[in-house]
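*Asks:* A predicted structure for the sequence below; I have some questions about it.
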Amino acid sequence: MPLLPSIYLSISLFSIGLVIVIVKQNAIMVLMGIELMLNAANINLVTFNQNTMNSQQGEFFAIFIIVVAVCEAAVGLAIIYKVYKYYNTSITDQVSELKG
Amino acid sequence: MNLLFIIFYAFCVLAVFSALGILLTKNLLHAALFLLVCLVSLSGVYIFSMAEWLAVTQLLIYAAGIVVLIVFGIMLTNSTSGKPLQVSNARWMVGLLLGAGFCFLLVKTSNEINIVTPHANPTNALMQQTGKNLMSDFALPFEVAGLLLLLALVGAAVISSSPIKKEN
């Protein structure tokens, strides 16, 4: 498959994920944006792996990125749940106890 | 322009539009479903990029695991009273400015690099080879990943179950 469309796909997914992380107020939406950005990195690794002969390093790197993303999602959701039980909100701007 | 390219581009367009759907929708549950569509179509993109094992992993872990986890998170952190779950937006200016800036920068750099069109490399596609590599060359990261998953599981269980002492 051609490289350039995959690179543009990864660029657009990364930018959209960044905008989601900044714009959305709910903590779970922020987590979704982070997942999109991690997937953009995976697309790049897999795309450039096509050029190498007899090597699968890019694919394996992407697989371990997925593993780390799963850990991050599990711990992040646990923290969001705990914050919700303590503050009764999952809106990030309302958790401002440490703000000076 | 054969059929494979058309399917590949269709998966790309579907992924981008469902990601835009996550950005533009105001309903939390709709955003989770858009995320599911985006991840499944990305798995299709991986298949066309000669990474079948990664595509299956993406379907199993992302589409089946993380989306279910996120839906459970939505259920636990919102007061479900029959109304649709609304998400408010803020800081549109900063977000769009940063997103467009990053997009411009990345497109500019990717146009400058010298891109070699890949040749079809069927040895990469063998799933047998993937299994052998995972048990020989990549055995150490494999084991470390297992340890990391165990730690994350225990950590998440401990965080979400320990009682909070509220000071009155």
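*Replies:* Structure received.
*Asks:* tell me the domain boundaries of chain B?
*Replies:* Using automatic domain parsing, the domain parsing of chain B gives B:7-78, B:121-158.
*Asks:* Run through chain B and note the low-pLDDT ranges.
*Replies:* Within chain B, the stretches with pLDDT under 70 are B:1, B:80, B:117-125, B:162, B:164-168.
*Asks:* and the domains of chain B, which is most packed in?
*Replies:* Highest mean neighbour count among these (mean count of other Cβ atoms under 10 Å in any protein chain shown): domain B:7-78, with a mean of 20. Using the backbone N, CA and C atoms, a C-beta is placed for each residue, glycine as well.
*Asks:* Is the residue nearest to the spatial centre of chain B within a helix or a strand, and which one?
*Replies:* With distances taken as Cα atoms, centre = their mean, chain B has B:Leu39 as the residue nearest its mean C-alpha position (5.5 Å). In this structure, B:Leu39 sits in helix B:28-48 according to DSSP states H and E.
*Asks:* wait, does that helix contact chain A?
*Replies:* Yes - using Cβ under 8 Å from any Cβ of the partner chain, we find that helix B:28-48 touches chain A at B:28, B:31-32, B:35, B:38-39, B:42, B:45-46, B:48.
*Asks:* and what of stretch B:89-109?
*Replies:* Yes - using Cβ under 8 Å from any Cβ, a contact is recorded between stretch B:89-109 and chain A, made by B:89-92, B:94-96, B:98-100, B:102-103, B:106-107.
*Asks:* Filter these down to just the ones in helices.
*Replies:* B:92, B:94-96, B:98-100, B:102-103, B:106-107 (DSSP state H).
*Asks:* filter the residues you listed to the buried ones?
*Replies:* Buried subset of these (neighbour count, 16 or more other Cβ atoms under 10 Å in any protein chain shown): B:95, B:98-99, B:103, B:106.
*Asks:* Mind putting those into TSV with distance to B:Leu3?
*Replies:* Formatted as TSV, those follow (distance: Cβ to Cβ, whole Å):
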residue	distance to B:Leu3
B:Gly95	38
B:Leu98	39
B:Gly99	34
B:Cys103	30
B:Leu106	30
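*Asks:* Using CSV, list the CA coordinates for the helix holding B:Leu39.
*Replies:* The C-alpha trace of helix B:28-48 is given here as CSV (Å, rounded to 0.1, in the frame of the first residue of the first chain):
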residue,chain,number,x,y,z
LEU,B,28,-20.8,10.7,25.6
LEU,B,29,-22.1,7.3,24.6
HIS,B,30,-22.2,8.2,20.9
ALA,B,31,-18.5,9.2,21.3
ALA,B,32,-17.7,5.7,22.6
LEU,B,33,-19.5,4.1,19.6
PHE,B,34,-17.6,6.4,17.2
LEU,B,35,-14.4,5.3,18.9
LEU,B,36,-15.4,1.7,18.2
VAL,B,37,-15.9,2.4,14.5
CYS,B,38,-12.6,4.2,14.3
LEU,B,39,-10.7,1.4,15.9
VAL,B,40,-12.3,-1.3,13.8
SER,B,41,-11.5,0.6,10.6
LEU,B,42,-7.9,1.1,11.8
SER,B,43,-7.6,-2.7,12.1
GLY,B,44,-8.6,-2.9,8.4
VAL,B,45,-5.8,-0.4,7.6
TYR,B,46,-3.3,-2.6,9.5
ILE,B,47,-4.3,-5.7,7.5
PHE,B,48,-3.5,-3.7,4.3
